[in-house]
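Visitor: below: sequence and its predicted model.
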Amino acid sequence: MSENQKMTEDIVGSHGERMKNLSKYYPFFKLWESGLSAYKDGAYADVDMPYITMALLRYFIEQNQFNQRAVTGEMACGFIKTLLDADFDVSADNQGELAGYIFDKICNDGRPFVFSWFNPRDKKKQVFRLKFIESSYRDGQITYALTEEAIAFYLDTKEVQEESRISIENILLSKMVASRNFKGGLEVLSRISHEVMRLEAKKDGIIRLLGHNVFEGVRALSDFMAHGLAWFEEEEKLFAQNRVLVDKAMAMMRTAQTAKDVYELDAALKAAMKKHSDLLGMCTALQMRADEMIVRAKHSRFRASVDFEDYMEKMIAADRVAALEDFVKPLFLMNLKKTFYTGQLDDLLSYKPEENVATEVDDGGRETAYVYDDEAAEARIQHNFDYFLKVLFEQISDKGRVALSYLNHLYEMKFGSEIYFNGDYYAFLTHLSQKAAYDLSTVDTVQDTFLEGIMAQFLKTENGQPFRNLKFSLSYRADIKIELPNTFDMTEIVFERTDG
């Protein structure tokens with residue numbers, strides 16, 4: 001087989017996949033090509049369709065995925081009107097009609113964009129049908145959402161900076177699982193894993209920079225924490241949503257091939273979630289390490305002496321005569337230097353310490369308060385349990401549903417990795433697991449367990465007052481194991497608010 005023939009076979013074999021990847025760009029360039037030159041005799045030809053298309057895709061991602069809000073045609077047109085008003089010379093009277101026309105054009109009047117291509121393997125033309133926006137009828141109204149092709153296209157247009165790439169990929173994953181495209185979901189999870197690895201590599205680079213220049217490293221770490229990990233909670237939430245979708249897919253398997261694909265997707269999702277959680281733990285430890293390095297570096301920068309010639313050169317270079325004050329002012333301060341009068345040597349030689357020893361005075365006795373070991377342990381447990389309860393109740397009240405793996409991260413941020421070696425924490429989880437549900441409005445009068453007694457005391461404090469009527473339940477996820485740094489693992493627990 002000649003070299004050219006091998007190359008040709010490779011081209012033919014990969015052509016279909018390449019055209020499929022290119023097809024997601026087709027609707028965008030079709031909209032760009034047609035533009036608005038044919039509308040109203042070209043009166044709005046200057047209105048840029050590529051800009052409005054990209055802005056509308058971003059709007060849908062924000063509303064559908066991040067805000068969990070359905071988008072109606074009226075909402076989409078309202079957003080387009082804000083763009084027309086801010087960036088283009090379109091009168092207010094004409095904005096509504098033009099926005100409706102643009103939205104219908106991006107939706108292609110409900111029809112798919114048809115992308116034709118030649119398949120060299122089958123020696124015939126084939127087509128891909130794509131949409132950027134799909135509609136559905138729900139709760140008596142028509143709502144709109146992005147297709148997986150639109151999200152994939154948006155991801156490819158640039159390196160996402162202002163929003164988390166992991167979050168956007170998770171949104172695409174949910175679309176693919178919902179459409180039962182499990183192989184595509186595996187590719188998305190592969191990209192998520194590579195993104196986590198990229199963040200880990202960036203973290204390692206910061207560690208090296210800290211070793212050379214602490215203060216430059218701290219600035220890089222601050223930027224990394226602000227941009228790389230600022231979306232961690234949102235990413236965890238999207239991971240949990242996809243975990244639910246995959247569980248549902250596993251319950252609806254119909255064929256052996258589907259089962260294989262779903263199991264592979266499930267394993268890849270668990271691996272990605274673990275890598276994601278490990279990244280947070282490593283970055284938390286890095287932050288603590290950086291703080292320690294800053295303290296040491298600040299002390300090492302203190303000078304034991306002053307170079308006056310260097311100070312003078314800097315003062316001349318800055319052309320700042322007022323800096324002389326910093327140099328002269330200490331010379332006019334009081335002389336605090338200690339001196340020793342040699343005439344006192346005779347007094348020292350004749351001094352008799354025993355004549356000046358104070359005698360012990362009996363004041364009649366005084367009661368001494370002792371703290372026994374069991375009392376100290378009880379106070380420690382009360383203090384630790386109060387903090388554990390405070391964080392647990394806050395998260396349940398704010399989010400409505402929180403997992404033990406996420407609580408572990410919060411406790412680790414407070415106590416460090418030592419929390420996983422703290423017996424009080426495991427005792428707290430053991431006592432907490434004795435009941436399947438809690439009603440804090442009744443623990444003041446009825447206390448079935450030791451922990452409910454501590455809860456009753458905590459609810460009387462200022463920190464506990466806001467949670468007096470909180471109700472929540474515990475559900476155990478035996479299929480999810482939380483790996484701990486102490487080589488042990490624990491079963492995932494989901495705490496869910498039940499009082500509405």
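Guide: Sure thing, it's come through. Not measured: the values here are computed from a predicted model.

Visitor: and Ala150, that one's in a helix?
Guide: Yes - going by DSSP: H, G, I helix; E, B strand; the rest coil, the assignment for Ala150 places it inside a helix.

Visitor: can you check the pLDDT for it?
Guide: Per-residue confidence (pLDDT) for Ala150: 81.

Visitor: that one: neighbour count?
Guide: Ala150 is flanked by 26 other residues according to other CB atoms under 10 Å. Backbone N, C-alpha and C define where each C-beta goes, glycine included.

Visitor: ok, Gln465 next?
Guide: Counted with other CB under 10 Å, Gln465 comes out at 10.

Visitor: do Ser193 as well
Guide: Number of residues near Ser193 (other CB under 10 Å) recorded here: 17.

Visitor: tell me which element it falls in.
Guide: helix 182-212 (DSSP states H and E).

Visitor: which elements pack onto the helix or strand just after that helix?
Guide: Toward the C-terminus, helix 182-212 is succeeded by helix 214-227 as the next helix or strand (DSSP H and E). Counting by 3 or more CB pairs under 8 Å, 6 or more residues apart in numbering; DSSP states H and E, the packing neighbours recorded for helix 214-227 are helix 182-212, helix 256-300.

Visitor: with respect to Glu462, which of the ones you listed lies nearest?
Guide: Closest approach to Glu462 among the helices and strands packed on helix 214-227 is made by helix 256-300 (28.4 Å; CB to CB).

Visitor: what lies in contact with the next helix or strand after that closest one?
Guide: Where DSSP H and E defines the elements, the next helix or strand beyond helix 256-300 is helix 308-318. Contacts made with helix 308-318 from outside it, assessed by CB atoms under 8 Å, 6 or more residues apart in numbering, are listed as Val321, Ala323, Leu324, Phe327.

Visitor: as a whole number, average confidence for whatever helix or strand comes next after helix 308-318?
Guide: Following helix 308-318 in sequence order, the next helix or strand is helix 324-328 (DSSP H and E). Across helix 324-328, the average pLDDT comes to 79.

Visitor: which helices and strands does the helix holding Ser193 pack with?
Guide: Packed against helix 182-212 by the contact rule (3+ CB pairs under 8 Å, 6+ apart) you find helix 165-178, helix 214-227, helix 256-300.

Visitor: please repeat the previous calculation with a cut-off of 10 Å.
Guide: The elements that helix 182-212 packs onto, with contact taken as 3 or more CB pairs under 10 Å, 6 or more residues apart in numbering; DSSP states H and E, are helix 148-157, helix 165-178, helix 214-227, helix 232-251, helix 256-300.

Visitor: tilt between it and helix 214-227?
Guide: Angle of helix 182-212 versus helix 214-227, following axes from the mean of the first three to the mean of the last three CA atoms, to 10 degrees, is 160 degrees.

Visitor: okay, the angle between helix 182-212 and helix 256-300?
Guide: Counting by the same axes, to 10 degrees, helix 182-212 points 10 degrees away from the direction of helix 256-300.

Visitor: in the lengthiest strand in the chain, what's buried?
Guide: Ranked by residue count under DSSP state E, the longest strand found in the chain is strand 471-483. Buried positions in strand 471-483, judged by neighbour count with 16 or more other CB atoms under 10 Å: Lys471, Phe472, Leu474, Arg477, Ile480, Ile482.

Visitor: what do you get for stretch 130-139?
Guide: Leu130, Lys131, Phe132, Ile133, Glu134.

Visitor: and the buried residues of strand 471-483 as TSV, adding pLDDT?
Guide: TSV is the format used below for these (pLDDT from 0 to 100):
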residue	pLDDT
Lys471	90
Phe472	90
Leu474	91
Arg477	88
Ile480	87
Ile482	85
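
Visitor: rewinding a little: how far does the longest strand of the chain sit from its chain's centre?
Guide: For strand 471-483, the separation from the chain centroid amounts to 21 Å (computed by CA atoms, centre = their mean, to the nearest Å).

Visitor: ok, stretch 122-129 next?
Guide: How far stretch 122-129 lies from its chain's middle: 43 Å, per CA atoms, centre = their mean.

Visitor: with stretch 45-52 instead?
Guide: The chain centre lies 34 Å from the centre of stretch 45-52; the measure is CA atoms, centre = their mean.

Visitor: and that stretch, end to end?
Guide: The first and last residues of stretch 45-52 sit 13 Å apart, counting by CA to CA, to the nearest Å.

Visitor: buried sites along it?
Guide: If you call a residue buried by 16+ other CB under 10 Å, then stretch 45-52 has these buried ones: Val47, Asp48, Met49, Ile52.

Visitor: stretch 405-422 too?
Guide: Ser405, Tyr406, Leu407, Asn408, Tyr411, Glu412, Ile419, Tyr420.

Visitor: tell me which of those residues fall in helices.
Guide: When DSSP state H is applied, the buried residues of stretch 405-422 are split such that Ser405, Tyr406, Leu407, Asn408, Tyr411, Glu412 fall in helices.

Visitor: how far away is the fifth one from Thr449?
Guide: With distances defined as CB to CB, to the nearest Å, the gap from Tyr411 to Thr449 amounts to 21 Å.
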